[in-house]
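> build the 3D model from these lines:
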Amino acid sequence: MKILAFESSCDETAAAVMEDGRTILSSVIASSADMHAIYGGVVPEIASRKHVEAISGLADEALRQAGVDKSDIDAVAVTHAPGLIGALLVGVSFAKSVAYGLGVPLIPVHHVRGHIAANYIAHADLEPPFLCLCVSGGTTALVDVKDYTHFEVLGGTRDDAAGECFDKIARVLGLGYPGGGPMDKMAQGGNDKAYTFPRAHVADHPLDMSFSGLKTAVLNTVHNAQQKGEELNLHDLAASFAAAVSDTLVPRTMEANRMLGYNKIAVAGGVAANSRIRADLQRECEKVGAKLWLPPLSLCGDNAAMIGCQGYYEYLAGNTAGWDLNAKASLDISKG
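Numbers count the residues shown, from 1 in each chain. The predicted structure is shown next:
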């Protein structure tokens, strides 16, 4: 089964052709990050306009690279939630027109479900049930993946997402947008105990998290130093921040694993590329004999291959949409 998939939830326009869910025939991405970097973050109107400019050409390029014709496509999958509403509408509208024109099923895919599915592409042996730590610019959640289309959120952030904090701190430090990669590089060789930052706990909810206090503490440290004319060691600052994020994510992930008893843990989303988090999770999993699946860096960020993969399993479960499919800025993963 060949699925033409589209992703346009934020600032990447992406198209892919997937075969039988887990095989990438093609995957192409056009990013508008360089334009958003001017403003230090994503400008929704710019993102939407860039999607409109790119999506048709990317669809043709995905088909060309896959070596297939439009008539070979069996279904069309598209991210319909969550994300920037204008950006999502571009993808949904285009995907609907393609599916209608080809006379094939239209498959709506939840963006975070797609990130989880990126692990299926990379790891042929991974099958539900398992625990997944989902960490990106808009999501930080611990998800019980009961089946390919059955999910339950066990805990998550009460405020800012971890990835959002990386981006905002990187902007203040002049590292540009997106901030995850530059922050990770800056942290290499830094002293992660040089600065003391908070690790928040949510009373009576051991799997929930909060990053707003951490973000504020780091920003205050930077601003205070600037006001006093003091020089900060940016390597130490980045390393200390990464340690605080990891110390928030990893213990809760291991506690959720203990509660579920799967001893199978996957990580998904852009922040899954962070070297400190990957290393800390690997170490803790080895301690308890849990198996850890990490997506390759190429599949951590937004892409359409992951949408086509999840779309395959949604199709098998009968989760297709009519021509009235609409985009949604927010949607619980369990209702995706």
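
> contacting residues for Gly289?
Going by Cβ atoms under 8 Å, 6 or more residues apart in numbering, Gly289 touches Asn263. Where C-beta positions appear, they are placed from N, C-alpha and C, glycine not excepted.

> from Pro129, how far out is it?
As for Gly289, its distance to Pro129 is 17 Å (criterion: Cβ to Cβ, to the nearest Å).

> just the helices from this protein, written as ranges.
33-37, 44-66, 85-102, 111-122, 162-172, 180-187, 212-228, 234-260, 275-288, 305-316 (DSSP state H).

> number of residues surrounding the closest residue to Val104 other than its chain neighbours?
In this structure, Val104 finds its nearest non-sequential neighbour in Ala75, 5.1 Å apart by Cβ to Cβ, 6 or more residues apart in numbering. Neighbours of Ala75 under the rule other Cβ atoms under 10 Å: 22.

> hmm, Pro108 and Ala75 touching each other?
No. Assessed by Cβ atoms under 8 Å, Ala75 is found out of contact with Pro108, at 11.4 Å.

> which neighbours do these two have in common?
Common neighbours of Ala75 and Pro108 are listed as Thr320 (criterion: Cβ under 8 Å, 6+ apart).

> out of the helices of the chain, deepest packed?
Ranked by mean neighbour count, the helices of the chain are led by helix 305-316 with a mean of 29 (mean count of other Cβ atoms under 10 Å).

> what's near enough to touch Thr176?
Actually, residue 176 is Gly. It isn't Thr. Counted by Cβ under 8 Å, 6+ apart, Gly176 has contacts Ala37, Ala170, Pro182.

> export the residues you listed to CSV and tack on distance to Ala327 and pLDDT?
Formatted as CSV, the contacts of Gly176 follow (distance: Cβ to Cβ, whole Å; pLDDT from 0 to 100):
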residue, distance to Ala327, pLDDT
Ala37, 25, 71
Ala170, 28, 92
Pro182, 31, 92
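
> redo these as CSV? Include distance to Asp324.
Shown next, in CSV, are the contacts of Gly176 (distance: Cβ to Cβ, whole Å):
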residue, distance to Asp324
Ala37, 37
Ala170, 40
Pro182, 42
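
> which one among those residues gets closest to Pro206?
Ala170 (29.6 Å; Cβ to Cβ).

> does Ala327 touch Leu88 like I think?
Yes. Here Ala327 reaches Leu88: they are 3.6 Å apart, a contact under Cβ under 8 Å.

> grab the most central residue of this structure for me.
For the chain, the residue nearest the mean C-alpha position is Gly269 (2.8 Å; Cα atoms, centre = their mean).

> excluding chain neighbours, what is closest to it?
Looking at Gly269 with Cβ to Cβ, 6+ apart, the closest residue is Ser136, at 3.4 Å.

> re the thing from before, intersection of neighbour lists for Ala327 and Leu88?
Any residue near both Ala327 and Leu88 by Cβ under 8 Å, 6+ apart counts here, and that gives His80, Ala81.

> sorry, back to before: so who does the residue nearest to Val104 touch?
Here Ala75 is in contact with Met1, Ile3, Leu4, Ala99, Val104, Pro105, Leu106, Ile107, Gly311, Tyr315, Thr320 (Cβ under 8 Å, 6+ apart).

> if we can go back for a sec, the residue nearest to the centre of the chain contacts Cys134, doesn't it?
Yes. Contact criterion Cβ under 8 Å: Gly269 and Cys134 qualify, at 5.2 Å.

> common neighbours of the two, please.
With Cβ under 8 Å, 6+ apart as the test, Gly269 and Cys134 both reach Val112, His115.

> so which of the contacts of Gly176 is the closest to Asp11?
Looking across the contacts of Gly176 and measuring by Cβ to Cβ, the closest to Asp11 is Ala37, at 10.0 Å.

> ok, the closest residue in space to the closest one that isn't next to it in sequence - contacts?
Nearest non-adjacent residue to Ala37, counting by Cβ to Cβ, 6+ apart: Tyr177, 4.4 Å away. Tyr177 makes contact with Ala33, His36, Ala37, Tyr39, Gly40, Gly41, Val42, Asp167, Ala170, Arg171 under the criterion Cβ under 8 Å, 6+ apart.
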